[in-house]
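Asker: this one's structure only:
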């Protein structure tokens, strides 16, 4: 085993980690904003809003992200008005922006479904109690519905974020030299696919492991009421072994 | 017995006084099923009215129409003389004309639910403080102080930092009663407060409710607890198939049931 090669490959791929994280971060950040809008539209009760969100989810959840990315990056630039638009063109000619747009649009479809489900799962009785105590719709949402729904959404949301981490690898097909792009270049230069792809795979694994741990921690912190009560958890706490 | 003293203290109110709650000709349908067929009710300050009836008689729906958790199809509800304004919705059904008014009135009508409905992500103490601080806009420190006192009163002060799912049903319902008291409500609405409890936990909740009755609180209590209706309440109202079958003084009602329906109803309980 060529340890030096592994190390140098690791290092080269790791140097592309910031770019991967940049796509990842902006993708999920804009995705979250769009998803919030979609969820609101869906929950608002407007017929038109519901049709729109249904169609949106149908399209962006039903087709591959790769197809969406290609359509946005290669497809949209076919239209003259896009190339001549002072707003659209600076975004759509840049592969980085295209990737972020595609990821955001795609993840928003999934996330809006996650949020919709979480909102519907909030116990009606607790919302009714908030009403019965004279809380306004906004106070009710802020104090009762949202905190409960967020906790319910968290497990599915963390899965979606992990899927997005892996989806950043698709950026390599539109010339972005993030981790996967970098790995592919090294692979083409050296013809050593096993070593190079293993290195990339390990980094993705570790990245997702930390994201999963982070979400598990947040979930733990936010859900003391779903854990055993104080004295009970002390009873179950294992006696530390003396070594 | 102390309940008798309390009942005696709650002498009939003077006729000139505005009723705390006044309901006139309340009607409500769920689909084709008419649940309330014109119900009227008056509760004066200090009244403890037990609302009895077999399931499906409309007693819970009536209570929920008073604080507009259900929107009545017609009829009027007045709280402290103030009429809850209604208007015709676009679908032809009635709806509240002024949601701010409804919210303000709801804040005066604290409700205790069958399934407690404590906010599960808040500790007991937070449950008691949430509405007073956010609805009544009272200072938090003052609310906390009052909350602790109320928890002591219902006997679960030791559990103030617990989350509702970590407590027994009886403790949760006592917390829910304390949460209602924290609003300093003019009237308390109880919707079958002991029906979801294990039999051995019913007593602790009834004791708290009895003490509230004794201090002269105005209470509307939908219940199946015959002993509470007979011994604690100042008035019993029996609903049958969406109509008021009979109303009266509890001892009298139970000793000499005024209608065959009520006689049948209490006979079923004594089996």
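Answerer: All right, it came through fine. Bear in mind that the values here come from a model prediction, so they are computed numbers and not experimental data. Residues are numbered from 1 along each chain as shown, chains lettered A, B, ... in the order given.
Asker: what residue ranges in chain A score low on pLDDT?
Answerer: Applying pLDDT under 70 to chain A flags the ranges A:1, A:229-243.
Asker: Alongside chain B, which residues does it contribute?
Answerer: Within reach of chain B by CB under 8 Å from any CB of the partner chain, chain A has these residues: A:123, A:125-126, A:128-137, A:139, A:143-144, A:147-148, A:151, A:223-226, A:228-230. C-beta here means a position set from N, CA and C on the backbone, and glycine is covered the same way.
Asker: of these, buried ones?
Answerer: Neighbour counting with 16 or more other CB atoms under 10 Å in any protein chain shown marks A:125-126, A:128-135, A:139, A:143-144, A:147-148, A:151, A:224-225, A:229 as buried within the residues of chain A next to chain B.
Asker: buried stuff in the longest helix along chain A?
Answerer: With DSSP state H setting the assignment, residue counts place helix A:193-222 as the longest helix in chain A. Judged by neighbour count (16+ other CB under 10 Å), helix A:193-222 contains these buried residues: A:195-197, A:199-200, A:203-204, A:207, A:211, A:215.
Asker: Return the distance of the most centrally placed residue in chain A relative to residue A:27.
Answerer: Nearest residue to the geometric centre of chain A (CA atoms, centre = their mean): residue A:161, 2.9 Å. The spacing between residue A:161 and residue A:27, counted by CB to CB, to the nearest Å, is 10 Å.
Asker: can you list the weak-confidence ranges in the stretch 51-200 of chain B?
Answerer: Scanning the stretch 51-200 of chain B residue by residue, none of them satisfies pLDDT under 70.
Asker: interface residues of it facing chain A?
Answerer: Counting by CB under 8 Å from any CB, the residues of the stretch 51-200 of chain B near chain A are B:67, B:69, B:99-100, B:103-111, B:113, B:115-121, B:130-131, B:134-135, B:161-166, B:179, B:183, B:189.
Asker: related to what we said a few turns ago, now, which of the residues of chain A next to chain B lie within helices?
Answerer: Checking the residues of chain A next to chain B against DSSP H, those in helices are A:125-126, A:128-132, A:137, A:139, A:147-148, A:151, A:230.
Asker: could you pull out the helices for the stretch 51-200 of chain B?
Answerer: B:59-66, B:99-106, B:124-134, B:140-153, B:169-181, B:199-214 (DSSP state H, counting those that start in this stretch).
Asker: got the contact list for residue B:257?
Answerer: B:246, B:263, B:266 (CB atoms under 8 Å, 6 or more residues apart in numbering or on different chains).
Asker: So it belongs to a strand, correct?
Answerer: No. Read with DSSP: H, G, I helix; E, B strand; the rest coil, residue B:257 is coil and lies in no strand.
Asker: Compute the distance between it and residue A:204, please.
Answerer: With CB to CB as the criterion, residue B:257 and residue A:204 are 76 Å apart.
Asker: Also residue B:160?
Answerer: Residue B:160 is 46 Å from residue A:204, by CB to CB.
Asker: quick one: which of the contacts of residue B:257 sit in helices?
Answerer: Per DSSP H, the contacts of residue B:257 map to helices at B:263, B:266.
Asker: Now the residue minimising distance to the centre of chain B: closest residue in space, sequence neighbours ignored.
Answerer: Closest to where the C-alpha atoms of chain B average out (CA atoms, centre = their mean) is residue B:189, at 1.7 Å. Distance criterion CB to CB, 6 or more residues apart in numbering or on different chains; nearest residue to residue B:189, sequence neighbours excluded, is residue B:111 at 4.5 Å.
Asker: ok, now residue B:150?
Answerer: Counting by CB to CB, 6+ apart, residue B:150 lies nearest to residue B:178, which is 4.2 Å off, once chain neighbours are set aside.
Asker: before we move on, the earlier item: please produce CSV containing the helices of the stretch 51-200 of chain B, extended by mean neighbour count.
Answerer: As requested, these are arranged in CSV below (neighbours: other CB atoms under 10 Å in any protein chain shown):
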stretch, mean neighbour count
helix B:59-66, 24
helix B:99-106, 18
helix B:124-134, 23
helix B:140-153, 16
helix B:169-181, 25
helix B:199-214, 18
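Asker: okay if I get these as a markdown table plus distance to residue B:77?
Answerer: Converted to a markdown table, those look like this (distance: least, CB to CB, whole Å):
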| stretch | distance to residue B:77 |
| --- | --- |
| helix B:59-66 | 6 |
| helix B:99-106 | 9 |
| helix B:124-134 | 21 |
| helix B:140-153 | 28 |
| helix B:169-181 | 19 |
| helix B:199-214 | 23 |
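Asker: ok, so what distance separates the closest residue to residue A:2 other than its chain neighbours from chain B?
Answerer: Distances taken as CB to CB, 6+ apart place residue A:195 nearest to residue A:2, at 7.2 Å, with adjacent residues excluded. Residue A:195 sits 49 Å away from chain B, going by CB to the nearest CB, to the nearest Å.
Asker: wait, residue A:195 sits on residue A:3?
Answerer: No. Here residue A:195 does not reach residue A:3: they are 10.3 Å apart, not a contact under CB atoms under 8 Å.
Asker: ok, residue A:49 - how many residues close by?
Answerer: 16 (other CB atoms under 10 Å in any protein chain shown).
Asker: my read is it is in a strand, agree?
Answerer: No. Residue A:49: not assigned to a strand; according to three-state DSSP it is helix.
Asker: separation between the closest residue in space to it that isn't next to it in sequence and chain B?
Answerer: Nearest non-adjacent residue to residue A:49, counting by CB to CB, 6+ apart: residue A:41, 3.9 Å away. In this view, residue A:41 and chain B are 20 Å apart by CB to the nearest CB.
Asker: Residue A:185 contacts residue A:177, doesn't it?
Answerer: Yes. Contact criterion CB under 8 Å: residue A:185 and residue A:177 qualify, at 7.0 Å.
Asker: Could you chop chain A up by domain?
Answerer: A:1-16+A:177-222, A:18-167 (automatic domain parsing).
Asker: which residues does residue A:93 contact?
Answerer: Counting by CB under 8 Å, 6+ apart, residue A:93 makes contact with A:77, A:83.
Asker: what sits up against stretch A:180-187?
Answerer: Contacts for stretch A:180-187 (CB under 8 Å, 6+ apart): A:9, A:12-13, A:15-16, A:20, A:168-172, A:175, A:177, A:193, A:196-197, A:199-200.
Asker: let's see 10 Å
Answerer: A:5, A:8-9, A:12-17, A:19-20, A:166, A:168-177, A:192-201, A:203-204 (CB atoms under 10 Å, 6 or more residues apart in numbering or on different chains).
Asker: Burial check on the closest residue to residue B:206 other than its chain neighbours, number of neighbours?
Answerer: Distance criterion CB to CB, 6+ apart; nearest residue to residue B:206, sequence neighbours excluded, is residue B:228 at 5.7 Å. Residues near residue B:228, counting by other CB under 10 Å, number 24.
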